[in-house]
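**Student:** Got a predicted structure here, sequence first:
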Amino acid sequence: MSSFNLWLATYVIGPILGILVCYLEAIRIIKFQHFSRYPIWEEKVIIVSNHPSLLEPVILPLMGFPWMNFPWVFSPLWGRIKPSLSWARQFRKEFFLTKKLIPVSVPDKRNYYDKAYYGLIRGLNIPVKRDGTAADRVSTVLALKEVLGQGGRIILFPEGGRTYKAKRKMRSQKGNELGVLKEGAALLALQTGAKIVPIWVKGTDKFLPNGKFLLPYFWHRITINVGNPFILDRSTFLNLRSSREIRKAATSRIAVALLETADETG
């Protein structure tokens, strides 16, 4: 991505959309629950969420606004900087923290990433071919591992598509539905040690119904609940023999966390 496009996405498009989300929160169309659990300043984070509509890939990357866009203004580290020879180096570190705090999404290559309108933010995301080959999937995983290895954060919708399209679903104790998860999020978490933040979104499919004609219904409310962050410790899976069994168990752990987060919503 060019420096200009990065600047535009970070300091123009991001703040405009971020202010819009803040406005929707102010008029109580969007409600955030347990936002204090959201790791604003931590690096190497995997955000996982259910996917009821097309709105989540727009709203969730903005949850870190304005901190992620202007870290040198809001960072708690800033107050500890003293005038010294190292001041310039510390300022530079804070200034470029933006690249780590802005989450990378994984849009479908054919339906979204390759579209002309996606051009301005294309470099902030890593495409995935939903019907691609094994080599395509490996390429995507390696690219995401590189982001996490550099201290970045990513957003994944491990259902592999919107919930209503899922052929197999799980239900929480309160009846919330979640499509059976793919194993990619668990694989990345196990290989990188990244912290997982489960998020449950409720109401976006009523605000912006799934269908051919996308007309928002502004009287419907959206709830976004942040679950308890956790790390998938490989030592908890030592009783399992194969790597496949470990991935399945880790994926099940993520699913449980999402459904528990779902049941916290009002």
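**Tutor:** Perfect, thanks for sending it. Everything numeric in this text was worked out from a predicted model, so none of it was measured.
**Student:** Can you tell me the closest non-neighbouring residue to residue 126?
**Tutor:** Nearest non-adjacent residue to residue 126, counting by C-beta to C-beta, 6 or more residues apart in numbering: residue 143, 4.8 Å away. To be clear about C-beta, it is placed using only N, CA and C from the backbone, and glycine gets the same treatment.
**Student:** Could you grab the helix/strand/coil label for the closest residue to residue 230 other than its chain neighbours?
**Tutor:** On the basis of C-beta to C-beta, 6+ apart, the spatially nearest residue to residue 230 that is not a chain neighbour turns out to be residue 196, at 5.7 Å. Assigned state for residue 196: strand (three-state reduction, DSSP: H, G, I helix; E, B strand; the rest coil).
**Student:** hang on, the residue nearest to residue 126 is in a strand, isn't it?
**Tutor:** No - counting by three-state DSSP, residue 143 is not part of a strand but helix.
**Student:** count of neighbours near it?
**Tutor:** The burial metric for residue 143, expressed as a neighbour count using other C-beta atoms under 10 Å, is 15.
**Student:** and the gap between the residue nearest to residue 230 and residue 171?
**Tutor:** Between residue 196 and residue 171 the distance is 21 Å, computed by C-beta to C-beta, to the nearest Å.
**Student:** I figured residue 166 was touching residue 158, is that so?
**Tutor:** No - with contacts counted by C-beta atoms under 8 Å, residue 166 stays clear of residue 158, the gap being 11.1 Å.
**Student:** phi, psi of the residue lying closest to residue 44 once chain neighbours are set aside?
**Tutor:** In space, residue 44 comes closest to residue 194 once its chain neighbours are excluded; the distance is 4.7 Å by C-beta to C-beta, 6+ apart. The phi and psi torsions at residue 194 (degrees, to the nearest 10) take the values phi -70, psi 150.
**Student:** I'd assumed residue 188 was in contact with residue 194.
**Tutor:** Yes - with contact defined as C-beta under 8 Å, residue 194 counts as touching residue 188 (6.7 Å).
**Student:** what about those two, which has more around it?
**Tutor:** The neighbour count for residue 194 versus residue 188, taken as other C-beta under 10 Å, is higher for residue 194 (27 against 21).
**Student:** give the contact list for the more buried one.
**Tutor:** Counting by C-beta atoms under 8 Å, 6 or more residues apart in numbering, residue 194 touches 44, 45, 46, 148, 188, 231.
**Student:** beta partners for the second one?
**Tutor:** If I follow you right, that is residue 45. According to DSSP bridges, residue 153, residue 195 are recorded as the beta-bridge partners of residue 45.
**Student:** And the pLDDT for it?
**Tutor:** With respect to pLDDT, residue 45 scores 97.
**Student:** shouldn't it be in contact with residue 153?
**Tutor:** Yes - Residue 45 is within contact range of residue 153, at 4.0 Å (criterion: C-beta under 8 Å).
**Student:** Common neighbours of these two, please.
**Tutor:** Common neighbours of residue 45 and residue 153 (criterion: C-beta under 8 Å, 6+ apart): residue 103.
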